[in-house]
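Colleague: Kindly generate the corresponding structure for this input.
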Amino acid sequence: MGQTEPLPPTLVVPNSPLVVRAFGAFWTAEAVLGLAFAAYGAFFGEEGWFVAIMVGLGLFLAAVGTVLAVLTFDRARIKGPLLTIGPDGLRDAGVSDRLIPWRALSWRHEVYFRGAAIMYEVDETITGPLAPSLPIRILAGANRAFGYGRFSLMTMGTGKSLEELARFLSAYKPESRSGR
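Modeller: Numbering: from 1, shown residues only. Just a heads-up that it's a prediction; the model follows:
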């Protein structure tokens with residue numbers, strides 16, 4: 001008989017709201033800086049190209065900063081653990097208030113030009129409808145627009161790296177490549 005490695009114990013990652021709020025302050029500062037760029041370009045720009053660049057860049061920074069600030073402050077409000085990964089499934093508190101069974105998940109560790117992400121899909125015919133918050137729904141839409149999975153497993157506030165989380169996920173359910 002072949003020997004199999006024992007499964008690791010269930011990983012329960014508590015929320016670190018102070019760390020998450022620090023990220024939120026950073027993203028808020030980015031949004032304010034973006035508005036300052038846009039205002040400077042609109043009020044003090046003399047040449048059309050300068051105005052267009054400053055206003056465009058400023059509004060882009062403000063939009064990204066605002067969405068990410070709202071997302072991080074939303075995440076800081078989560079009560080209980082941020083993540084639970086165990087033999088019965090995954091609970092990402094930002095996405096679901098209950099454990100998502102492994103048979104309802106397909107995930108992949110995505111490496112791209114500036115980093116990496118763990119992207120996953122949830123089969124809601126198995127889990128029932130999810131009710132993610134508005135920032136998570138916006139992020140899910142952006143993920144799909146860029147051709148990734150619907151949800152991304154965030155490390156913010158967990159104290160874990162993506163590689164650690166990918167290893168832990170792999171112990172329970174091998175990486176899948178569906179949806180790509």
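Colleague: Helix or strand: which one has the closest residue to residue 73 other than its chain neighbours?
Modeller: Excluding the flanking residues, the one nearest residue 73 by CB to CB, 6 or more residues apart in numbering is residue 24, at 4.6 Å. Glycine gets a C-beta too; all of them are placed from N, C-alpha and C. For residue 24, the element it lies in under DSSP states H and E is helix 17-44.
Colleague: For that helix, what is the distance to the chain centroid?
Modeller: A distance of 19 Å separates the centroid of the chain from that of helix 17-44, by CA atoms, centre = their mean, to the nearest Å.
Colleague: Return the set of buried residues in that helix.
Modeller: Within helix 17-44, the residues that count as buried by 16 or more other CB atoms under 10 Å are 17, 20-21, 23-24, 27-28, 30-31, 34-35, 37-38, 41.
Colleague: between the residues you listed, which is closest to residue 75?
Modeller: residue 20 (5.2 Å; CB to CB).
Colleague: Quick one: residues contacting the closest one.
Modeller: Each residue near residue 20 by CB atoms under 8 Å, 6 or more residues apart in numbering is listed here: 72, 73, 75, 76, 156, 157.
Colleague: and after the helix holding residue 24, which helix or strand comes next?
Modeller: helix 48-76.
Colleague: Excluding chain neighbours, what is closest to residue 69?
Modeller: Counting by CB to CB, 6+ apart, the residue nearest residue 69 is residue 27, at 3.8 Å.
Colleague: And residue 139, by the same measure?
Modeller: Closest to residue 139 by CB to CB, 6+ apart is residue 71, at 6.4 Å.
Colleague: for the contacts of residue 20, which one is nearest residue 49?
Modeller: When the contacts of residue 20 are compared against residue 49 (criterion: CB to CB), the nearest one is residue 72, at 34.0 Å.
Colleague: Pop the domain breakdown of the chain in here.
Modeller: 15-76, 81-172 (automatic domain parsing).
Colleague: Against which helices or strands is the helix or strand bottoming out on mean pLDDT in the chain packed?
Modeller: When each helix and strand of the chain is scored by mean pLDDT, DSSP states H and E, strand 105-112 comes last, with a mean of 83. For strand 105-112, the packing partners by 3 or more CB pairs under 8 Å, 6 or more residues apart in numbering; DSSP states H and E come out as strand 115-122, helix 162-172.
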